[in-house]
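In: output the structure for:
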Amino acid sequence: MISLPAQSIQNQRKWVLSAVGAFLTFGLVFYAHNLYTTMEKPLPHHSIYAETSQPGAIPKDLPGLISELWKPMLHNVNDTTFVTDEGYKYDIPKKAHRWTKPLGKKLLILDVDTRLDLGPGALLNEDPLRQDNVTGRTGGWLDHYLYAMIHGYDYRLVRAPEYPDRHGTWVKVPMIKEALKTHDFVVFLDADAVFMYPHMPFEWLMSLWNISPSTLMAISEDPDSKRNRDANGWVMWNTGFIVAQQSNRTQELFDIWEKCPTGERYPDCRRWAKDWAHEQAAFSNHVRYDYKDSDDVRVIPCMDGNGAPYIGDKKCGGVFVRHHWFHKDWPIRNLREGILDMFVKRLHGHFHSKKQDYFIDANKKKYPLEGMQI
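Out: Reported below is the predicted structural model:
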């Protein structure tokens, strides 16, 4: 496994805070320009000044601003092909269900944790983030928050109550179940999992993985190793990335899953209340065997939705959703790269759109220069 030296991690933290600062600064300049050019008109109710008059206030319509910044880069949901930065070509299967209309707030990006971290560098700490203290969990949550704003999805970070009789990772199960009562789709990610292509609409990924209107849930596959197999030798599915769709049967599935450690339906499931891999082992050893129809529970390939290029299993590259089990600080790096990549492309594109104003090819001029206007 690859491990980063402490200095490298510190540098990554500095880069991401600098990138976020540049991002917000660029956005505020963009909005200020729009306001300046329309000053003769009354300011709309959703003006950036509507939320507060305090200096340095965050724009009220920051999600709209972020959406506009990424809009020119969004992958078209009607395209059937996507080529990754590594050169992998993905084609939507011809028989797959196509999702071509934005889901908007019907889709929820959900983060869940039992811990209330208010320390330096924590997302819930109201003090401004410093370059040297942003945490890996904060990096992951900000990645999810940013992705939701880019595409107009809903977002929640939920502090769940502790389970008195089971491991803390179990809380994701009832929280997803509850979220499905208010949203058509819930996309849950662990804090150490990130979206690798912020400009990729989740609707396109749903088409790629053939998530149909009758699919209850889609879940990522684990790397194929002895440790990751259930009692029957079947590779487990990783609960660090879950896509769930609202239906009565989905509610039933999550209810069965949540009650698994009681032993009422599956007597052998009691052990997974606290034994590793907790809710993941309970689902893989018991619940999934009651949902054998492939359209009930779709399996997202490990290459697409789990792992990372640096792990031993090269079939789990985390192409679209990368899961940093062993490097909890790496979501900071991925967040930084995603933001900076957008800025570099937007700056490059803007330069070329105004190339006639900004570039002068004087190569054929002779010295001394006369009559040349710059």
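
In: SS state for the nearest residue to residue 198 once chain neighbours are set aside?
Out: Of all residues not flanking residue 198 in the chain, residue 338 sits nearest, at 4.8 Å (CB to CB, 6 or more residues apart in numbering). Placement of C-beta: from N, CA and C, glycine included. In terms of secondary structure, residue 338 is helix; the call rests on DSSP: H, G, I helix; E, B strand; the rest coil.

In: per-residue pLDDT, residue 338?
Out: According to the model's per-residue confidence, residue 338 sits at a pLDDT of 89.

In: next, the contact list for it, please.
Out: Taking CB atoms under 8 Å, 6 or more residues apart in numbering as the contact definition, residue 338 lies against 143, 146, 195-196, 198.

In: which two among these are spaced furthest apart?
Out: Within those, 146 and 196 form the most distant pair, 12.7 Å apart (CB to CB).

In: who has more neighbours out of the two?
Out: Higher neighbour count among residue 146 and residue 196: residue 146, with 24 against 18, using other CB atoms under 10 Å.

In: residue ranges for the strands of the stretch 51-200 of the chain, please.
Out: Listed in chain order, the strands found in the stretch 51-200 of the chain under DSSP state E, counting those that start in this stretch are 81-83, 89-91, 107-113, 154-159, 185-189, 193-195.

In: for this protein, what helix or strand is lowest in average pLDDT?
Out: helix 6-37 (a mean of 46; mean pLDDT, DSSP states H and E).

In: end to end on stretch 128-138, go ahead and measure it.
Out: Between the opening and closing residues of stretch 128-138 there is a gap of 13 Å (CA to CA, to the nearest Å).

In: poorly predicted segments of the stretch 51-200 of the chain, please.
Out: Counting by pLDDT under 70, the stretch 51-200 of the chain shows low-confidence ranges at 51-60, 131.

In: contacting residues around residue 216?
Out: For residue 216, the residues meeting the contact criterion (CB under 8 Å, 6+ apart) are 244-245, 247, 249-250, 253, 291, 296-297.

In: looking at the residues you listed, which is nearest residue 78?
Out: If you rank those by distance to residue 78 using CB to CB, residue 245 comes first, at 21.6 Å.

In: for stretch 192-200, how far is the first residue from the last?
Out: Across its full length, stretch 192-200 reaches 19 Å end to end, with CA to CA as the criterion.
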